[in-house]
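Peer 1: need coordinates for the below:
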Amino acid sequence: MEGLAINDNSVYARYMLSRARYFMTRARRKELAPYHISARQIFMMDLIVNLKRKVTLTELAKYANRGIGSLSVQLTKMESDGLIKRTRENTTSTLLTFELTEKGLDIYYSCQKLKGISVIMSVLSDEELQQFIVMLEKISKKAEKISKRTT
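Peer 2: Modelled structure (predicted):
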């Protein structure tokens, strides 16, 4: 990249990963704007749909790699927007489960027709995309391991 003097390939790779994430997030935000929904909200909806059942807050936090507190705030907003429904497993239980409402499902399926990210990723062949996924999984696992170490 012109004007940028990064001599360490791992630093440059991190820079490029951050840059790609920034522009992909920006493109996703732009295509979701007509639905008045954020990329994080559609991601939560995607998790709920792909788990194919009512899902708990703990499960969502695990798959989203986010804290229960911040996720709870987001889910509360989604509930007030009519996108999800929160229910107790039984009247005496503190266990809450979440599922999409009809409005949530309508928005979710409408957003599945959007092709912005697919168009961006289409610069890679199927084989390159599979290799890229494997590389990202390796990087993610190593970063997770290091982030959990105590100093």
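Peer 1: point out where the protein drops to low pLDDT.
Peer 2: 1-5, 93, 150-151 (pLDDT under 70).
Peer 1: mind redoing it with 90?
Peer 2: By pLDDT under 90, the weakly predicted segments of the chain are 1-11, 51-59, 61-70, 72, 87-97, 144, 147-151.
Peer 1: now do the helix or strand harbouring Tyr63: everything it contacts.
Peer 2: Tyr63 is located in helix 57-64, with elements delineated by DSSP states H and E. Helix 57-64 has contacts (CB atoms under 8 Å, 6 or more residues apart in numbering) with Phe43, Met44, Leu47, Ile48, Leu51, Gly67, Ile68, Leu71, Ser72, Leu75, Leu96, Phe98. From N, CA and C alone the C-beta is placed, and that goes for glycine too.
Peer 1: list the ones among those residues that fall in strands.
Peer 2: Of the positions in those, Leu96, Phe98 sit in strands, assigned by DSSP state E.
Peer 1: just the buried ones from the contacts of helix 57-64, in ChimeraX syntax?
Peer 2: The following ChimeraX line selects those of those that are buried, judged by 16 or more other CB atoms under 10 Å:
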select :43,44,47,48,71,72,75,96,98
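Peer 1: span of stretch 114-125 from start to end?
Peer 2: Counting by CA to CA, to the nearest Å, you get 20 Å between the two ends of stretch 114-125.
Peer 1: check the offset of it from the chain's centre.
Peer 2: Computed by CA atoms, centre = their mean, to the nearest Å, the separation of stretch 114-125 from the middle of its chain amounts to 17 Å.
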